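> Sequence and predicted structure below; questions after.
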Amino acid sequence: KQWYQRRVRGTVFAIIVMAIVVTLLIFKYRENSQRLTEQSEVTKKKMHDLESQVARECKDAFTELQMMVMNDVSPISDLTSLPFLDFSTYAYKVLFPNIEDFQRSTSRFHAAAPNNRAAVIAGLKDFHTLLTSEPFILNFIQTLEQQT
């Protein structure tokens, strides 16, 4: 009987010790978890502050650059006016910037046009439809913005 009572007491003692150890481990885990969460929040706040500061500095630098450009350009703009191109020349230079010989290219186009005038007119109508299509214009603008 004594042997049995000692064994029960030892088992109860071991269970109590284990419960205390598990409880201590849980408290330690919660403390570490809270500390890591606080550190994470502090780090996020620092990152946000740093991003805001960089954005503010970029905005200020861009404004300063714009002001410098305006100051540099204003004397020139007073002396001369901007040269204007007719629309077809302007459009050609914007759409095909690497082609230098505009006159030869257009004369070749006009020389070929009488032979297949219907195809040229159909192509121009399709091009007009494309340019008036809102999804195309939005996609075109997004593509241009991604390239810069």
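Yes, it's here. Please read these numbers as outputs of a predicted model, since none were measured by experiment.
> all helices for the protein, in order.
Assigned by DSSP state H, the chain shows helices spanning 2-79, 87-95, 102-112, 117-131, 134-147.
> Lowest mean pLDDT across the ones you listed, which one is that?
Confidence, taken as mean pLDDT, is least for helix 102-112 of these (a mean of 59).
> Mean neighbour count added to the helices of the chain, as a markdown table?
Glycine gets a C-beta too; all of them are placed from N, C-alpha and C. A markdown table is the format used below for the helices of the chain (neighbours: other CB atoms under 10 Å):
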| stretch | mean neighbour count |
| --- | --- |
| helix 2-79 | 10 |
| helix 87-95 | 11 |
| helix 102-112 | 11 |
| helix 117-131 | 10 |
| helix 134-147 | 9 |
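> residues contacting residue 127?
Contact analysis of residue 127 by CB atoms under 8 Å, 6 or more residues apart in numbering lists nothing.
> could we number from 30 for the rest of this?
Yep, numbering from 30; the last one is residue 156 now.
> Tell me how far it lies from residue 176.
Residue 156 sits 22 Å away from residue 176, going by CB to CB, to the nearest Å.
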